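Asks: requesting a structural model of the entry that follows:
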Amino acid sequence: MISLTEENYLKAIYSLNADSALTASTNAIAEKMETKASSVSDMLKRLKEKKLINYKKYQAVTLTKDGEKIAVSIIRKHRLWEYFLVNHLKFGWEEVHEIAEQLEHIQSPKLTNKLEEFLDYPKFDPHGDPIPDRNGKFPIELSDTLADCTKKQTVTVIGVKEDSVEFLRYLDQLSIQLGSQLTIDAINDFDQSMELTINQTSKHHISQEVSKNLFIKIKA
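Replies: I've put the predicted structure just below:
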């Protein structure tokens with residue numbers, strides 16, 4: 001049996017290693033967990049003793065097979081609960097992360113599998129993040145962003161790369177949600193900002209930073 005804190009560390013290490021721009025160094029883990037490097041070192045020793053991580057001082061941390069299995073299980077529960085909260089309890093997509101952080105530590109595999117069945121086996125959570133199945137297999141990750149598109153293309157929003165509360169609230173102000181249809185009316189040569197028509201009604205100007213954080217599917 002591992003503690004809630006240990007589960008959070010495993011999830012953090014998995015997340016850092018999944019990001020190609022980052023590695024799970026002690027300092028990176030400390031920043032992600034919002035704690036001191038000395039506290040991280042103590043926890044890493046405990047996780048190594050439990051054979052959940054591969055850890056040597058001054059080297060990046062990786063998960064063992066057992067550690068990765070636990071981390072993926074936590075991610076699976078978190079994203080299923082987010083899907084349930086948004087699609088069945090009608091929470092806003094900017095509200096659900098902290099609630100799912102609590103629910104992800106429920107230990108019943110039967111409950112998780114029943115929840116997945118009840119939700120009809122969703123592949124992506126409300127932010128477009130892939131949901132692993134009961135065998136820990138992820139569907140194909142989203143990759144194409146609005147920033148990759150050209151003028152006059154019409155696309156559908158299928159996910160967000162950035163899922164902070166501030167960013168999601170900003171998208172709500174623009175009436176951009178998963179499933180929203182965006183038509184690119186113009187692209188500024190200077191800063192690659194865009195003029196959009198959203199759902200064939202409202203027009204808005206967005207920065208390149210925003211366009212880089214919207215996963216899309218190009219309309220056929």
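Asks: mind listing the helices for this protein?
Replies: 4-18, 26-33, 37-49, 65-87, 96-103, 109-118, 165-173, 208-212 (DSSP state H).
Asks: just the residues contacting the second one, thanks.
Replies: In other words, helix 26-33. Contact with helix 26-33 is made by 8-9, 12-13, 15-16, 22, 36-37, 39-41, 44, 61, as judged by C-beta atoms under 8 Å, 6 or more residues apart in numbering. Bear in mind the C-beta positions are built from the backbone N, C-alpha and C, glycine included.
Asks: quick one: which of these is nearest Arg169?
Replies: Ser15 (22.7 Å; C-beta to C-beta).
Asks: chain center to stretch 66-82, what's the gap?
Replies: Distance of stretch 66-82 from the chain centroid (C-alpha atoms, centre = their mean, to the nearest Å) equals 12 Å.
Asks: neighbouring contacts of it?
Replies: Residues contacting stretch 66-82 (C-beta under 8 Å, 6+ apart): 2, 7, 10-11, 13-14, 47, 51-53, 63, 93, 96-97, 99-101, 103-106, 112, 115-116, 119, 122, 124-127, 129-134, 136.
Asks: what do you get if the cut-off is 7 Å, keeping everything else the same?
Replies: 2, 7, 10-11, 14, 51-53, 63, 96, 100, 103-104, 106, 112, 115-116, 119, 125-126, 129, 131-132, 136 (C-beta atoms under 7 Å, 6 or more residues apart in numbering).
Asks: quick one, which of those are buried?
Replies: 7, 10-11, 14, 52-53, 63, 96, 100, 103-104, 112, 115-116, 125-126, 129, 131-132 (16 or more other C-beta atoms under 10 Å).
Asks: sorry, back to before: can I get the buried part of the contacts of helix 26-33 as one PyMOL selection?
Replies: The buried residues among the contacts of helix 26-33 can be selected in PyMOL (16+ other C-beta under 10 Å) with this line:
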select buried, resi 8+9+12+13+16+40+44+61
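Asks: domains of this structure: list them as residue ranges, please.
Replies: 4-63, 146-218 (automatic domain parsing).
Asks: which one of those domains lies nearest to Tyr83?
Replies: Closest among the domains of the chain, using C-beta to C-beta: domain 146-218, at 11.1 Å.
Asks: quick check: mean pLDDT of that closest one?
Replies: Regarding domain 146-218, the rounded mean pLDDT is 96.
Asks: what's the end-to-end length of it?
Replies: 9 Å (C-alpha to C-alpha, to the nearest Å).
Asks: ok, the nearest residue to Val160 once chain neighbours are set aside - contacts?
Replies: Distances taken as C-beta to C-beta, 6 or more residues apart in numbering place His127 nearest to Val160, at 5.1 Å, with adjacent residues excluded. Residues near His127 by C-beta under 7 Å, 6+ apart: 93, 159-160, 163.
Asks: tell me the centre residue of this protein?
Replies: Asp129 (4.8 Å; C-alpha atoms, centre = their mean).
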